[in-house]
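>>> any chance you could fold what I've pasted below:
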Amino acid sequence: MSRLRQRLNRGSSWLTYDLANLAPDGKIDEDVLEELEAELVMADVGVEATGQIIASLRKSLGRKELKDVAALRNGLRRTLVDVLTPVAVPLEIPRQSVPFVILMVGVNGAGKTTTIGKLARRFQDDGHSVMLAAGDTFRAAAIEQLQAWGERNKVSVIAQQTGADPAAVLFDAYESARSRKIDVLLADTAGRLQNQQGLMDELKKIKRVLARQGEGAPHEIMLVLDASQGQNSLVQAEKFHAALGLTGITVTKLDGSAKGGILLAIADKLGVPVRFIGIGESAADMQPFDAEEYVDALLSSDDKPGNTKP
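Residues are numbered from 1 along each chain as shown. This is a model prediction of the structure:
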């Protein structure tokens, strides 16, 4: 929790903005809510989600529950938790006779391959056997990077030469994982922009091939999003969800220039479970998403657990 607060509270957005500055005289009124509304929009929360949050606070103001800054902070916390709680659904790996296939998708630079490496470590720590599949056959560097993660985590990596058919690679990987009774198969794919229809069609092909291999496969279609992309991340999520039917999202790079509000926009707009968040380079910095911890980190003014500065 302390690390999450420290990593998120690096920017000059509303995450570190002292709410007392919105109401220097301590009075909470419509003007204060309008200023807070502007702060939320600038923090990538999005217009629609912001509207719902402010509407909830206005009701509280009308009931005279927002009497001071502390009450405003508590009201804001409750509202944000209500938005995020429905998507704070952990990824459960069931015990089954076939590999649990996680198909990783996203645009270039979002951190897919690094996320795969970190998740492989986490699943191993949870007692699962893991295999990696190098489905990004467009870049030799991507295959090499995945193989490096495989060596680091001491797990097998199924790969072919650069330019091979990605669906064929994942077909072979699934067969290998099944024959070795592997618990989790993490499948990398080439980064692609959401508007590249040919490449999106290729992902649909990969999904169909895996579906023919085993019941329910791929069991998880996980989109990796770069939080620093702001509202563009929401556009990406919408396009990938429409094409593939996402079952989970991992948000990376929350420790950089990201304002953090994008998770609220995604939760409000899509309702797709947010499985993990990345707040740093180490494997320990890839953590399951917890709505209350996240909101407390957003609204905290220092790194002391449980302390929110009024």
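
>>> in a helix, that's where Leu146 is, yeah?
Yes - using DSSP: H, G, I helix; E, B strand; the rest coil, the secondary structure at Leu146 is a helix.

>>> report how many residues lie close to the residue nearest to it when sequence neighbours are not counted.
Beyond its immediate neighbours in the sequence, the residue positioned closest to Leu146 (Cβ to Cβ, 6 or more residues apart in numbering) is Ala134, lying 4.8 Å away. The C-beta positions use only the backbone N, C-alpha and C, and glycine is treated the same way. Other residues near Ala134 number 27, with proximity taken as other Cβ atoms under 10 Å.

>>> how near is Ala134 to Ile158?
Ala134 sits 7 Å away from Ile158, taking Cβ to Cβ, to the nearest Å as the criterion.

>>> shared neighbours, those two?
The contact sets of Ala134 and Ile158 overlap at Val169 (Cβ atoms under 8 Å, 6 or more residues apart in numbering).

>>> now the strands: where do they sit in the protein?
Along the chain, the stretches classed as strands by DSSP state E are 100-105, 130-135, 156-158, 184-189, 220-226, 248-252, 274-278, 286-288.

>>> can you map out the helices along the chain?
With DSSP state H as the definition, the chain shows helices at residue ranges 2-8, 30-42, 47-62, 69-84, 112-125, 140-153, 166-179, 197-213, 231-244, 262-269, 291-299.

>>> quick one: low-confidence ranges for this structure?
For the chain, residues meeting the criterion pLDDT under 70 lie at 1-3, 5-18, 192-195, 256-259, 301-310.

>>> quick one: contacts for the residue nearest to Leu146?
If you count contacts by Cβ under 8 Å, 6+ apart, Ala134 has them with 142-143, 146-147, 157-160, 169, 188.

>>> among those, who's most crowded?
Neighbour-wise, these (other Cβ under 10 Å) top out at Asp188, 30 neighbours.

>>> give me the beta-bridge partners of it?
In this structure, Asp188 has beta-bridge partners Ala134, where bridges are defined by DSSP bridges.

>>> against Gly198, how distant is it?
19 Å.

>>> now swap in Lys205 and tell me
As for Lys205, its distance to Gly198 is 11 Å (criterion: Cβ to Cβ).

>>> those two: which has the busier surroundings?
Under the criterion of other Cβ under 10 Å, the comparison of Lys205 against Gly198 puts Lys205 first, with 12 against 7.

>>> check contacts around the more buried one.
With contacts defined as Cβ under 8 Å, 6+ apart, Lys205 is in contact with Ala167.

>>> quick one: it from Val105, how far?
Going from Lys205 to Val105 by Cβ to Cβ gives 13 Å.

>>> what of Asp125?
Asp125 is 24 Å from Val105, by Cβ to Cβ.

>>> more neighbours: which of these two?
Comparing Asp125 with Val105 by other Cβ under 10 Å, the one with more neighbours is Val105, at 28 against 9.

>>> bridging residues for that one?
In this structure, Val105 has the following beta-bridge partners (DSSP bridges): Leu223.
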